[in-house]
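> The following block contains a protein sequence and its predicted model.
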Amino acid sequence: MHSLQIGLWVVIVLVALALVFDFINGFHDAANSIATVVSTGVLKPHQAVAFAAVFNVIALFVFQLKVATTIGKGTIDPSIVDHYVVFGALIGAIAWNLITWYYGLPSSSSHALIGGLVGAGVAKAGPGALVWSGVGKTVAFIVISPLLGFVLGSVFMLAVSWLFFHSTPARVDRWFRRLQLVSASLYSLGHGGNDAQKTMGIIWMLLIATGISSTNDPMPIWVIIGCYLAMGLGTLFGGWRIVRTMGQKITKLKPVGGFCAETGGALTLFLATALGIPVSTTHTITGAIVGVGSTTRTRNVRWGVASSIVWAWIFTIPASALIAAAAWWLGTRVL
């Protein structure tokens, strides 16, 4: 009985840790949803975070749980997962998120979690523990999602420029200040749908590993609701250091540019979520913002800032994997 209680307490602590990661994910990635709508002046910061948080949670009713399945079963071999692996993965992801938040770098919470799973899984069972097809899809979308965001953002910007060629700047601004509320809501919906499911996947993995759920059981409803609420609360608190980088340092945006960037990013997220691919909302919106900025003049994009962001992307998986491997080792001696 005593060992069962200890085991249950470990599960409770790890579920709480996973929800903390989900909260930090929303906090860290709030910038992705609201940077453009804040920097264009369409919404005040406190209005924007509340707006984004609501649509993060509404995603609960929109998307199937395909991304959660990829995280839970398609990254590392489920048979090697135990509470030490989950602990290592979460510590790796949380630590890297906090480091990049402190320095104002919009790195990917998604890839930090993938890196955490990879690092803890390899530390326990070697490279054979990895499900290469799932890891490969995720790594491929490190390149594909910002490229798709870039292409869609620039295509929308060019199309809007052509459609409103004879309109006055004041009329265009008036229209797109309203339309940006639509595009920001769509992006926040996509952000909640893709990102909250990553935490669901890791909690599900933990419940299966500890025998609380079986692989054939549906995901518990409390996990789904808890993850969406934690994500929404994190967004509500916002990550203002990163808002400044995303909204002002890469390129200066007007409402029309904000609309095109958010719409291009939202379509990319909807596609990836439908395919069950965990993508980076950070990479996606950054690509879309750069795409919009480059349609006017390439010098409108601050490429130095953009390149420092890319370096943060490149280091995310290896850095979080390294921290996770160390945390796994520590967990085997402490938990």
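Yes, it's here. Residues are numbered from 1 along each chain as shown.
> where does the chain have low pLDDT?
Applying pLDDT under 70 to the chain picks out residues 1-6, 30-33, 106, 238-252, 297-309.
> Can you verify my assumption that Thr69 contacts Gly276?
Yes: assessed by CB atoms under 8 Å, Thr69 is found in contact with Gly276 at 6.2 Å. For the C-beta atoms, the positions are set from N, CA and C on the backbone; glycine is no exception.
> Tally up the residues packed near Ser214, please.
8 (other CB atoms under 10 Å).
> so what's it closest to, chain neighbours aside?
Ile208 (6.8 Å; CB to CB, 6 or more residues apart in numbering).
> What of Val15?
Nearest non-adjacent residue to Val15 (CB to CB, 6+ apart): Ile203, at 5.7 Å.
> okay but the one you found is in contact with Cys227, surely?
Yes: contact criterion CB under 8 Å: Ile203 and Cys227 qualify, at 7.2 Å.
> Need phi/psi at the spatially closest residue to Ala209 that is not a sequence neighbour.
Computed as CB to CB, 6+ apart, the closest residue to Ala209 that is not its neighbour in sequence is Val81, at 4.4 Å. When read as degrees, to the nearest 10, the backbone of Val81 gives phi -80, psi 130.
> quick one: Val81 from Trp222, how far?
Going from Val81 to Trp222 by CB to CB, to the nearest Å gives 20 Å.
> go on, Val15?
10 Å.
> same question, Ala53
Ala53 is 20 Å from Trp222, by CB to CB.
> quick one: the helices in the stretch 201-335 of the chain?
Applying DSSP state H, counting those that start in this stretch to the stretch 201-335 of the chain gives helices spanning 221-237, 240-244, 255-275, 281-294, 303-334.
> will you turn those helices into CSV that also has mean neighbour count and distance to Thr36?
Shown next, in CSV, are the helices of the stretch 201-335 of the chain (neighbours: other CB atoms under 10 Å; distance: least, CB to CB, whole Å):
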stretch, mean neighbour count, distance to Thr36
helix 221-237, 21, 15
helix 240-244, 19, 10
helix 255-275, 26, 4
helix 281-294, 30, 7
helix 303-334, 18, 15
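> Looking at these, which is nearest to Leu158?
helix 255-275 (8.9 Å; CB to CB).
> how big is the angle separating that closest one from helix 281-294?
140 degrees (axes from the mean of the first three to the mean of the last three CA atoms, to 10 degrees).
> mind starting the numbering at 848 from now?
In the new count, where the first residue is 848, that last one comes out as helix 1102-1122.
> list the contacts for the residue nearest to Val862?
Going by CB atoms under 8 Å, 6 or more residues apart in numbering, Ile1050 touches 862, 865, 1070, 1074.
> The residue nearest to Ala1056 touches Leu1054, doesn't it?
No: under the criterion of CB under 8 Å, Val928 is not in contact with Leu1054, lying 10.4 Å apart.
> So for these two, which sits in the more crowded spot?
Comparing Val928 with Leu1054 by neighbour count (other CB under 10 Å), the higher total belongs to Val928, at 26 against 20.
> Distance check, the more buried one against Gln911.
23 Å.
> likewise Ile1049?
From Ile1049 over to Gln911 (counting by CB to CB), the distance is 18 Å.
> Counting neighbours around each, name which of the two comes out higher.
Taking other CB under 10 Å, Ile1049 and Gln911 do not tie; Ile1049 has more neighbours (29 against 12).
> how near is the more buried one to His930?
12 Å.
> Please apply the same query to Thr887.
Counting by CB to CB - Thr887 and His930 are separated by 45 Å.
> If you count surrounding residues, which of these two has more?
Neighbours were counted for Thr887 and for His930 using other CB under 10 Å; Thr887 has more, 23 against 18.
> Just want the phi and psi numbers for that one.
phi -80, psi -10.
> from what I can see it touches Cys1107, true?
No: counting by CB under 8 Å, Thr887 sits too far from Cys1107 to count as a contact (11.4 Å).
> Please identify the nearest residue in space to Ala1168, excluding sequence neighbours.
Using CB to CB, 6+ apart, the closest residue to Ala1168 is Gly966 (3.1 Å).
> Just the element for that neighbour, please.
Using DSSP states H and E, Gly966 sits in helix 956-972.
> how far is that helix from where the chain is centred?
16 Å (CA atoms, centre = their mean, to the nearest Å).
> Figure out how far the helix or strand that contains Tyr1034 is from the centre of its chain.
Secondary structure from DSSP H and E places Tyr1034 in helix 1016-1056. Helix 1016-1056 has its C-alpha centroid displaced from the chain centroid by 9 Å (CA atoms, centre = their mean).
> got it, and stretch 903-923?
Distance, centroid of stretch 903-923 to centroid of chain: 12 Å (CA atoms, centre = their mean).
> what about the nearest residue to Ile1170 once chain neighbours are set aside, neighbour count?
Leaving out its chain neighbours, the residue that sits closest to Ile1170 by CB to CB, 6+ apart is Gly939, at 4.2 Å. By other CB under 10 Å, 30 other residues sit near Gly939.
> Val1181 versus Gly939, what's the distance?
Taking CB to CB, one finds Gly939 at 15 Å from Val1181.
> try Phe934
9 Å.
> what's the burial count for the spatially closest residue to Ser1167 that is not a sequence neighbour?
Nearest non-adjacent residue to Ser1167, counting by CB to CB, 6+ apart: Gly962, 3.4 Å away. Per other CB under 10 Å, the neighbour tally for Gly962 reads 26.
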